[in-house]
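Participant: compute the structure for the input listed below.
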Amino acid sequence: MVTRKRPTDDMFAGGLGLHRYVKTHYHTQIEKIVDSSLIRALKDEAPEVKKMWEAAIGELIELGILCTQDSPSMRPTMLDAADDLDRLKKYLSGDTTATFASSLGISSSTISSD
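Facilitator: Predicted structure coming up:
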């Protein structure tokens, strides 16, 4: 959803897959993984709106990385992932009681190494 790339894209060859590609570039070159249309859509937004959407995109990327880990036991349940997506939706709709903090404790330290 965030990258606009398919797991079967021609760029993923030689052991490189969408999961590894995103995980490799997430903290250092996020502009390489986020679809350019999302970046363009935020260009003219107010700074606070832009910051809110950038945080949400970051959370979506981290959730995507967690949900696509090789080991099923390391992936969140569908209920946990759905709860996180609902929390993001409320946050982005302006719900002042909602936060985008993950119920899964998503952070780069949570995501297993490849």
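Participant: right, and the helix or strand after the helix or strand containing Glu59?
Facilitator: Here Glu59 sits within helix 47-67, counting by DSSP states H and E. Next helix or strand after helix 47-67 toward the C-terminus (DSSP H and E): helix 78-92.
Participant: for the chain, give me the ranges with low pLDDT.
Facilitator: Residue ranges of the chain with pLDDT under 70: 96-114.
Participant: find the residue at the geometric middle of it.
Facilitator: In the chain, the residue lying closest to the centroid (Cα atoms, centre = their mean) is Ile61, at 1.2 Å.
Participant: so how far is Gly94 from it?
Facilitator: Distance of Ile61 to Gly94, given as Cβ to Cβ, to the nearest Å: 22 Å. In short, each C-beta sits where N, CA and C put it, glycine included.
Participant: Pro47 now?
Facilitator: Counting by Cβ to Cβ, the gap from Pro47 to Gly94 is 16 Å.
Participant: for Glu45, phi and psi?
Facilitator: Dihedral pair for Glu45: phi -80, psi 160, per degrees, to the nearest 10.
Participant: what's the local residue count around Arg20?
Facilitator: 15 (other Cβ atoms under 10 Å).
Participant: host element of the residue of the chain most remote from its centre?
Facilitator: In the chain, the residue that sits farthest from the middle, by Cα atoms, centre = their mean, is Gly14; the gap is 23.8 Å. Element membership for Gly14, per DSSP H and E: none, as it lies in no helix or strand.
Participant: so how far is Gly64 from Asp84?
Facilitator: 11 Å.
Participant: got it, and His27?
Facilitator: 14 Å.
Participant: pick out whichever of these two has more residues nearby.
Facilitator: Just comparing His27 and Gly64: by other Cβ under 10 Å the higher neighbour count belongs to Gly64, 19 against 9.
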